[in-house]
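Enquirer: How does the following fold in three dimensions:
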Amino acid sequence: MENREIELSPLNLFYLMMSRRINPNSCDLVVLDGHLDHRTLKRATCRALQRHPRLSSYLLTRGRRYFWRVPREEMAIDFRVHSLTVDDPGAVDACLKANIWEERLPLESNRPVRFHLVETPSRSYLQTIHTHVYADATSCYTVTEHIAESYAAHIAGRPFSTTPIDVEERSARALSTLRHPTRAGLGHILDGLRLNLPDLFGPGGGLELPEAPPGPRAFSRVSLDPRQTNELIAAARSLKSTLHNLVKLAFLRAADRFNRRRGAPSRPLRVWDFFSLRSMAPQETASLYDCLAVIYPVSMDPAWADEDALRVFKDQVQALRAGAAVAHAERFRWLVRILGAALPSAWPYLFRSNVFLTNPGVCPSRLDAIGGVPVIDYITFPQLFLPAKVMFVIATFRDCLRILAIYDRAAFDENFEDALFTPFLAELRRVSGTDIDAAPLPGFIAGWNPAPSKPAGKTQRVELRGSIPV
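Expert: A predicted model of the protein is given here:
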């Protein structure tokens with residue numbers, strides 16, 4: 001079989017440039033109430049990855065062109081097992097966070113994915129380390145679901161299809177201009193160039209935070225039960241809006257108050273949000289492992305009435321669905337073409353905000369168990385993109401809305417929950433007219449899902465670095 005080489009899309013290229021300045025690792029994390037068989041899990045992982053050619057590739061550079069190459073020879077899968085002798089949430093969370101960001105994925109020499117299985121006396125934490133260079137939330141959800149299906153099939157002796165999920169045309173332009181005729185495609189290319197002008201000459205604006213080198217990342221989260229989640233969705237519909245737009249409005253109000261408390265005048269804000277191109281692509285791309293998420297700036301003004309803000313947010317999303325999202329993808333092609341290797345250094349001056357919002361959406365699978373072992377929780381999130389100091393991740397798992405905040409601890413000189421997260425939730429209650437009875441919890445996922453008490457003991461970490469033959 002010949003080596004297969006595919007040129008990176010504009011979105012791949014943009015996130016690759018960003019990875020020059022930040023750790024590119026993103027994370028999927030499944031919490032299980034029990035333990036999995038290691039051999040079966042490794043075999044299930046091997047079979048799941050065979051469905052996604054991108055996960056059997058490495059990055060190749062030729063001059064100013066970038067490709068992902070699937071070599072003739074199968075590459076080993078990096079699979080590591082960590083053993084902790086206690087269920088202490090602090091020890092577990094420290095291990096999990098270290099697995100995400102202490103070691104960058106080696107994109108130019110190995111698969112763009114790594115696996116960690118952290119085991120405690122009563123729990124298992126299965127981590128998949130992805131990169132946004134090649135993956136969006138749909139990609140991450142799909143791989144986790146395929147691993148679970150492959151594991152269950154292996155135990156039951158059922159067949160599991162390893163037929164690759166792919167499309168015939170995966171050129172750089174095809175993934176950003178699907179379903180668009182040539183004339184519209186050319187128009188989007190010119191629109192992409194124009195979209196860079198406001199970034200150069202328009203106003204910026206994020207949270208009033210001190211300029212400082214990036215510090216350690218921290219987490220906080222709130223989880224709503226199905227009743228509260230359904231009430232929020234119903235409230236959004238009654239306002240002829242969406243839950244995500246209510247989140248934007250609540251953030252606008254909380255952020256404006258945050259800035260004014262720090263002596264800044266009330267002023268327009270600018271945040272960055274994500275939009276998926278999958279809704280504009282053929283059906284066969286629904287489970288394709290690739291990054292089809294474009295970021296776009298959202299300008300918001302505290303002077304707007306609530307109904308006016310919701311209308312502006314709605315109109316912008318409708319324009320994206322009508323084709324503006326493709327122009328945003330093309331603007332990244334222009335940035336890479338014009339700035340090249342200088343883009344990572346120039347991006348903070350173009351971005352001019354320190355806030356990201358992202359909505360991975362509803363997890364398509366309930367993921368109740370993996371091979372009979374119950375799943376307690378599941379989250380997916382990207383890295384904290386440069387130069388953002390905080391990112392809110394909005395996702396729903398098993399009918400429960402979760403709002404995860406990833407933030408730069410060094411940027412907030414006081415309690416993050418009191419300073420921003422709790423006021424944001426208060427505004428979400430107000431704009432939706434619902435009674436959200438939940439408070440943010442600091443820490444990472446083991447702290448949110450404490451295991452039953454076990455006898456205290458010495459914490460031990462045993463690492464088995466994988467070289468799994470495929």
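Enquirer: Give me the pLDDT value at Ser19.
Expert: Listed pLDDT for Ser19 reads 90.
Enquirer: just Met1 next, same as before
Expert: As summarised for this prediction, Met1 has a pLDDT of 49.
Enquirer: likewise Ala451?
Expert: 86.
Enquirer: residues contacting the closest residue to it other than its chain neighbours?
Expert: Of all residues not flanking Ala451 in the chain, Asp87 sits nearest, at 3.8 Å (CB to CB, 6 or more residues apart in numbering). Where you see a C-beta, it was placed from the backbone N, CA and C, and this is true even at glycine. Residues near Asp87 by CB atoms under 8 Å, 6 or more residues apart in numbering: Thr120, Pro121, Ser122, Arg123, Ala446, Pro450, Ala451, Pro452, Ser453, Lys454.
Enquirer: likewise Leu310?
Expert: By CB under 8 Å, 6+ apart, the contact set of Leu310 is Leu239, Lys240, Ser241, Asn245, Leu246, Leu249.
Enquirer: Of those, which is the nearest to Leu96?
Expert: Nearest to Leu96 out of these is Leu246 (CB to CB; 30.6 Å).
Enquirer: May I see the buried residues of the helix or strand hosting that closest one?
Expert: In this structure, Leu246 sits in helix 243-261 according to DSSP states H and E. By 16 or more other CB atoms under 10 Å, the buried positions in helix 243-261 come out as 243-259.
Enquirer: any chance of the contacts of Leu310 in CSV, with pLDDT too?
Expert: Supplementary listing: the contacts of Leu310 in CSV, determined by pLDDT from 0 to 100:
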residue, pLDDT
Leu239, 96
Lys240, 96
Ser241, 96
Asn245, 97
Leu246, 97
Leu249, 98
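Enquirer: So of those, which two are at opposite extremes in space?
Expert: Greatest spatial distance among the contacts of Leu310 (CB to CB): Lys240 and Leu249, at 13.2 Å.
Enquirer: Helices along the stretch 251-400 of the chain, start to end?
Expert: Using DSSP state H, counting those that start in this stretch, the helices found in the stretch 251-400 of the chain span residues 306-319, 325-339, 343-351.
Enquirer: and those helices as a markdown table, adding mean pLDDT and distance to Cys400?
Expert: Output for these, formatted as a markdown table (pLDDT from 0 to 100; distance: least, CB to CB, whole Å):
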| stretch | mean pLDDT | distance to Cys400 |
| --- | --- | --- |
| helix 306-319 | 97 | 24 |
| helix 325-339 | 85 | 28 |
| helix 343-351 | 87 | 32 |
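Enquirer: just for the stretch 51-200 of the chain, where's the confidence low?
Expert: Applying pLDDT under 70 to the stretch 51-200 of the chain flags the ranges 169-189, 192-194, 196-198, 200.
Enquirer: Apply 90 and report the result again.
Expert: By pLDDT under 90, the weakly predicted segments of the stretch 51-200 of the chain are 63-64, 166-200.
Enquirer: Please enumerate the helices of it.
Expert: 89-101, 137-156, 182-201.
Enquirer: Glu284: what's it in contact with?
Expert: Going by CB under 8 Å, 6+ apart, Glu284 touches Val167.
Enquirer: do you know how far it is from Asp166?
Expert: Going from Glu284 to Asp166 by CB to CB, to the nearest Å gives 8 Å.
Enquirer: Please apply the same query to Gln316.
Expert: Distance, Gln316 to Asp166, using CB to CB: 32 Å.
Enquirer: looking at it, Gly433 is touching Leu232, isn't it?
Expert: No - assessed by CB atoms under 8 Å, Gly433 is found out of contact with Leu232, at 9.8 Å.
Enquirer: a markdown table for the contacts of Asp87, including neighbour count and distance to Pro214?
Expert: Output for the contacts of Asp87, formatted as a markdown table (neighbours: other CB atoms under 10 Å; distance: CB to CB, whole Å):
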| residue | neighbour count | distance to Pro214 |
| --- | --- | --- |
| Thr120 | 23 | 30 |
| Pro121 | 15 | 35 |
| Ser122 | 15 | 35 |
| Arg123 | 21 | 31 |
| Ala446 | 26 | 24 |
| Pro450 | 12 | 30 |
| Ala451 | 18 | 32 |
| Pro452 | 9 | 37 |
| Ser453 | 9 | 37 |
| Lys454 | 13 | 36 |
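Enquirer: what about stretch 59-77, how long is it end to end?
Expert: Its start and end residues considered, stretch 59-77 measures 16 Å (CA to CA, to the nearest Å).
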